[in-house]
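>>> Got a sequence here, can you model it:
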Amino acid sequence: MVLPLLQVLITALLIAYAGFWRRQQTKRRAKNWNDIISQLTDNDWGIEEITERYLYKSGIRATPKDVWQRIDGCRGLWAMYKNAPVLVQLADYAAEHGEGVDEELLEGLRSDAFQIRLCVMLALAQHMLSASSTGASVNAHRATATYSAMLYRLTAFIQEYSTSLFPSYLDAIA
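Numbering: from 1, shown residues only. Reported below is the predicted structural model:
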């Protein structure tokens, strides 16, 4: 008696989740460029202090210990966590409105966003659960390096495939 009820409940939950996911995808695709850009968190958390020209060059010029302080710790990590999927949405929008898009580069940007979010979650967990901040600093450095590389690659991507969107992208990111 319990098993059929459990099967019906699980099936109903899966169908409800599929409907929710489908509606979210429809809303996401209906957004225009300005709607997506408005979701970005401001860069007032120190990314430009630790990178050399974060839109046109990738790489970090700070030690893991310095990164934590310069990005304002959890605040900077959370901003990267929130911005990563928005940057992927920008890339997807630029790809939809561009010509001859490099799918490998687009998939690399998606992978970067996933890695950023994973590193941020690890860093935040290590910061909260550990007395030592070394692990959190290392993961924060890794997240920041990946975020910097993602911004560089996204800038090149938009510049190459959607030049009409490039000025508004620079205004939003810089």
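
>>> Residues in contact with the helix or strand bottoming out on mean pLDDT in the chain: which ones?
Least confident helix or strand, the chain: helix 47-50 with a mean of 70, by mean pLDDT, DSSP states H and E. Residues from elsewhere that reach helix 47-50, judged by C-beta atoms under 8 Å, 6 or more residues apart in numbering: 54, 60-62, 66-67, 70-71, 76, 144, 147-148, 151. No exception for glycine: its C-beta is placed from N, CA and C like everyone else's.

>>> that's a helix at Glu99, yeah?
No - counting by DSSP: H, G, I helix; E, B strand; the rest coil, Glu99 is not found in a helix; it is coil.

>>> How about the secondary structure of the closest residue to Thr144 other than its chain neighbours?
The shortest distance from Thr144 to any non-neighbouring residue, by C-beta to C-beta, 6 or more residues apart in numbering, is to Val67 (5.3 Å). Assigned by three-state DSSP, the conformation of Val67 is helix.

>>> quick one: buried residues of the helix or strand hosting Thr155?
For Thr155, the element it lies in under DSSP states H and E is helix 134-161. Using 16 or more other C-beta atoms under 10 Å as the test for burial, helix 134-161 gives 135-155, 157-159, 161.

>>> out of the contacts of helix 47-50, who's nearest Ser111?
Nearest to Ser111 out of those is Tyr147 (C-beta to C-beta; 13.0 Å).

>>> these two touch, right, the closest one and Met80?
Yes - here Tyr147 reaches Met80: they are 4.8 Å apart, a contact under C-beta atoms under 8 Å.

>>> contact partners of stretch 161-174?
For stretch 161-174, contacts defined as C-beta under 8 Å, 6+ apart pick out 33-34, 37, 40, 43, 55, 90, 93-95, 97-102, 151, 155, 158-159.

>>> start to end distance for stretch 96-104?
Its start and end residues considered, stretch 96-104 measures 15 Å (C-alpha to C-alpha, to the nearest Å).

>>> From the rest of the structure, what touches it?
The contact list for stretch 96-104 (C-beta under 8 Å, 6+ apart) reads Ala94, Ala95, Phe157, Tyr161, Ser162, Leu165.

>>> Looking at that stretch now, give me its mean pLDDT.
Stretch 96-104 carries an average pLDDT of 82.

>>> Quick check: buried residues in it?
Gly98, Val101.

>>> And the helices in this structure?
2-30, 33-37, 47-50, 64-70, 74-96, 103-129, 134-161, 166-173 (DSSP state H).

>>> what about the longest one, average pLDDT?
Mean pLDDT, helix 2-30: 89.
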